[in-house]
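**Student:** how would this look folded up:
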Amino acid sequence: MALPKKKTSRSRRNMRRSHDHVAVPNVVLCKCGEPVLSHCACNACGNYKDRQALTPANA
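**Tutor:** Coordinates of the predicted model:
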């Protein structure tokens, strides 16, 4: 089995892990003012791309 000859430094270890982070979701504001994920219908008013896609949750 292969074994490392030298200890991996903190800098090299962290450079290798630089792409392992969790991406931040893209949140935009709906016309009603509620935050909603982009390309998803709003849960508060039910609008998606200027049309009524769902029945509102509080109706």
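**Student:** The residue most central in space within the chain - nearest residue in space that isn't next to it in sequence?
**Tutor:** Taking Cα atoms, centre = their mean, the centroid of the chain lies closest to residue 25, which sits 2.0 Å from it. Using Cβ to Cβ, 6 or more residues apart in numbering and skipping residues adjacent in sequence, the residue nearest residue 25 is residue 37, 5.9 Å away. Backbone N, C-alpha and C define where each C-beta goes, glycine included.
**Student:** Would you mind measuring from the residue nearest to the centre of the chain to residue 43?
**Tutor:** As for residue 25, its distance to residue 43 is 15 Å (criterion: Cβ to Cβ, to the nearest Å).
**Student:** cool, residue 21 as well?
**Tutor:** 27 Å.
**Student:** Bridging across strands, which residues link to the closest residue to residue 31 other than its chain neighbours?
**Tutor:** Once flanking residues are discounted, residue 31 sits nearest to residue 47: 6.3 Å by Cβ to Cβ, 6+ apart. For residue 47, the beta-bridge partners are residue 52 (DSSP bridges).
**Student:** Against residue 37, how distant is residue 47?
**Tutor:** Taking Cβ to Cβ, one finds residue 47 at 14 Å from residue 37.
**Student:** Who has more neighbours out of the two?
**Tutor:** A side-by-side neighbour count of residue 47 and residue 37, using other Cβ atoms under 10 Å, places residue 47 first with 18 against 12.
**Student:** now the helices for the chain?
**Tutor:** 10-16 (DSSP state H).
**Student:** Lowest mean pLDDT among the helices and strands, pick that one out for it.
**Tutor:** strand 51-52 (a mean of 87; mean pLDDT, DSSP states H and E).
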